[in-house]
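> just coords:
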């Protein structure tokens, strides 16, 4: 049958190679993704979370914390003026979305999306001044580890927020 195509039909673009490597996403300036393979052991599995040699420019680690998210939860848009985030999903499935609002950046206006899970682990490095949000897309609780170079300052937090639906960021959840 020739006339099966509906109006508004679009064809998917290639998103992965035959070796399941991700394609078609130019990374925002300073962002890095390191996918991590787990090692199956007799008593379970082992997953490395962080090794400084994985990153071209190593920044110190000053604090590691875990965030647990209910199904469908979104941690809204925020950026840090000087703090580097490194997000590692250790339970469930989370979408990490980044937006480059740095006018001097060669990737100004670019959005990156990463889907990370306990089944396909990875660590996303997010430079200062790049807005990011995390979204639990699993139907169960999810959790992530954040490995930061500057510990949270209780009296003067390096957190700058914008509403999740603010039109300044061209992304819809």
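Done, it's in. Remember, it's a predicted structure, so these values are computed and weren't measured experimentally. Numbers count the residues shown, from 1 in each chain.
> wait, isn't residue 114 in contact with residue 121?
No - counting by C-beta atoms under 8 Å, residue 114 sits too far from residue 121 to count as a contact (11.4 Å). Quick note: C-beta positions are derived from backbone N, CA and C, even for glycine.
> Compare those two and say which is more crowded by neighbours.
Using other C-beta atoms under 10 Å as the criterion, residue 114 and residue 121 rank with residue 114 on top: 21 against 18.
> For the spatially most central residue of the chain, give me its contacts.
Centroid-nearest residue in the chain, with C-alpha atoms, centre = their mean: residue 96, separated by 3.1 Å. Taking C-beta atoms under 8 Å, 6 or more residues apart in numbering as the criterion, residue 96 is in contact with 87, 89, 113, 114, 115, 116, 124, 132, 133, 134.
> Residue 124 and residue 7: what is the separation?
For residue 124, the distance to residue 7 (C-beta to C-beta, to the nearest Å) stands at 37 Å.
> higher neighbour count, those two?
Each of residue 124 and residue 7 has its neighbours counted (other C-beta under 10 Å); residue 124 has more, 22 against 4.
> check contacts around the more buried one.
When contacts are counted by C-beta under 8 Å, 6+ apart, residue 124 touches 31, 32, 33, 86, 87, 96, 98, 114, 116.
> Confirm for me that the fourth one is in contact with residue 51.
No - counting by C-beta under 8 Å, no contact exists between residue 86 and residue 51, whose distance comes to 11.3 Å.
> In terms of neighbours, single out the busier of the two.
It is residue 86, of residue 86 and residue 51, that has more neighbours when counted by other C-beta under 10 Å, with 22 against 11.
> Setting aside sequence-adjacent positions, which residue approaches that one most closely?
Nearest non-adjacent residue to residue 86, counting by C-beta to C-beta, 6 or more residues apart in numbering: residue 147, 4.1 Å away.
> State the mean pLDDT of whichever helix or strand that neighbour is part of.
Per DSSP states H and E: residue 147 is located in strand 142-148. The average pLDDT for strand 142-148 rounds to 95.
> just to revisit the earlier point, from the contacts of residue 124, which is closest to residue 106?
residue 31 (12.1 Å; C-beta to C-beta).
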